[in-house]
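> how would this look folded up:
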Amino acid sequence: MGATGNAGEFEKIFQTVTSVVFGRKLAGHQDYEAWLGKNVSGNEFGKSMLSGERVYLPPFDFYREIKQNIVTNGEADGLGKERLSDVELEKLSLSNAGELLARLAATAPNTIYGENSNMEDCSFYCNSHNCLKSCGLNQSKCCLYSFWPRQSEYAIGCYYLFSSKFCIKCYNSENLTRCFELSDCNNCGDSLFCHNCENVHDSMFCFNAKNLRNAIGNVQVLPERYKEIKSRLLGEISAELEKTKSLRWDIFNIGRRREGLWYHRLTKR
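Model prediction:
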């Protein structure tokens with residue numbers, strides 16, 4: 001649906017989540033939109049074949065292929081009344097089917113179910129509330145710039161995030177709490193820059209690991225040492241974000257040689 005939400009509510013969500021995850025409140029979510037949308041599928045659009053009105057499209061190939069045959073939800077209500085005439089039935093063949101069936105072969109791709117509220121520039125959602133510029137929301141609330149959050153809340157810039165809360169830039173993961181830049185992880189909390197981890201908490205730069213706490217690079221350290229390094233890391237992240245409204249590092253490039261130098265510099269101090 002279009003812009004009918006409360007802009008102040010979305011800014012409050014942004015400030016709350018950044019405060020929880022970074023320990024430092026950031027402001028002005030619109031300024032971070034390009035960064036938050038990176039590595040996240042966003043809404044796509046087409047035009048109604050009947051009215052030319054803009055229609056939301058979920059970002060899947062199936063919908064792109066039928067883009068010329070879409071209508072709004074309101075227009076779809078009358079489609080069931082369309083019929084071929086007896087004359088058209090007599091003329092119907094494979095060669096002219098596209099022309100004769102054009103007015104029947106239409107769909108409304110922006111599916112909305114259940115009870116929803118304050119959904120601004122969102123599409124394809126069910127029983128969700130207070131979300132902005134997101135797609136495929138299912139029983140979620142307070143999600144911004146995210147794709148397919150399910151039973152999640154306070155998620156920003158996330159992609160396929162299930163049963164999680166207070167996460168920023170997390171991907172293909174489930175049961176996360178207060179995490180930043182995690183991918184393909186499960187049952188993790190208070191962690192940063194981790195991939196393919198399970199039951200990992202208060203950790204950073206961990207890969208393909210299980211059952212760790214206070215770990216850096218898959219090695220457990222003393223809690224005091226971990227807190228010291230994490231504080232330094234969050235300070236550097238927050239400073240970069242406030243200055244540039246973006247961050248050079250993410251879970252997809254942190255392991256590369258050039259970007260990895262940042263990790264080594266941080267941990268060797």
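> low-scoring stretches of the stretch 151-269 of the chain, by residue?
The model of the stretch 151-269 of the chain has pLDDT under 70 over residues 256-269.
> repeat that for 50
Flagging of the stretch 151-269 of the chain using pLDDT under 50 yields the residue ranges 258-262.
> all strands in it, in order from the N-terminus.
Secondary structure of the stretch 151-269 of the chain (DSSP state E, counting those that start in this stretch): strands at 153-156, 159-162, 165-168, 171-183, 186-189, 192-195, 198-201, 210-213, 215-216, 219-220.
> Just put these in a markdown table and tack on mean neighbour count.
Just so you know, the C-beta spots here come from the backbone N, C-alpha and C atoms, and that holds for glycine as well. Output for the strands of the stretch 151-269 of the chain, formatted as a markdown table (neighbours: other C-beta atoms under 10 Å):
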| stretch | mean neighbour count |
| --- | --- |
| strand 153-156 | 26 |
| strand 159-162 | 21 |
| strand 165-168 | 26 |
| strand 171-183 | 23 |
| strand 186-189 | 20 |
| strand 192-195 | 25 |
| strand 198-201 | 19 |
| strand 210-213 | 15 |
| strand 215-216 | 22 |
| strand 219-220 | 14 |
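> Give me the residues contacting the helix or strand containing residue 62.
Using DSSP states H and E, residue 62 falls within helix 61-65. Identification of contacts with helix 61-65 by C-beta atoms under 8 Å, 6 or more residues apart in numbering yields 44, 57, 70, 109.
> Now tabulate the strands of the stretch 151-269 of the chain in TSV and tack on distance to residue 65.
Below are the strands of the stretch 151-269 of the chain laid out as TSV (distance: least, C-beta to C-beta, whole Å):
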stretch	distance to residue 65
strand 153-156	29
strand 159-162	22
strand 165-168	32
strand 171-183	25
strand 186-189	33
strand 192-195	33
strand 198-201	37
strand 210-213	41
strand 215-216	45
strand 219-220	49
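> What's opposite residue 168 in the beta bridge?
Taking DSSP bridges as the rule, residue 168 bridges to residue 156, residue 180.
> and if you look at residue 200?
Bridge pairing for residue 200 - DSSP bridges - gives residue 212.
> who touches it in this structure?
Contacts of residue 200 (C-beta under 8 Å, 6+ apart): 185, 188, 191, 194, 206, 209-213, 215.
> which one of the residues you listed sits closest to residue 137?
Nearest to residue 137 among the contacts of residue 200: residue 185, at 20.7 Å, using C-beta to C-beta.
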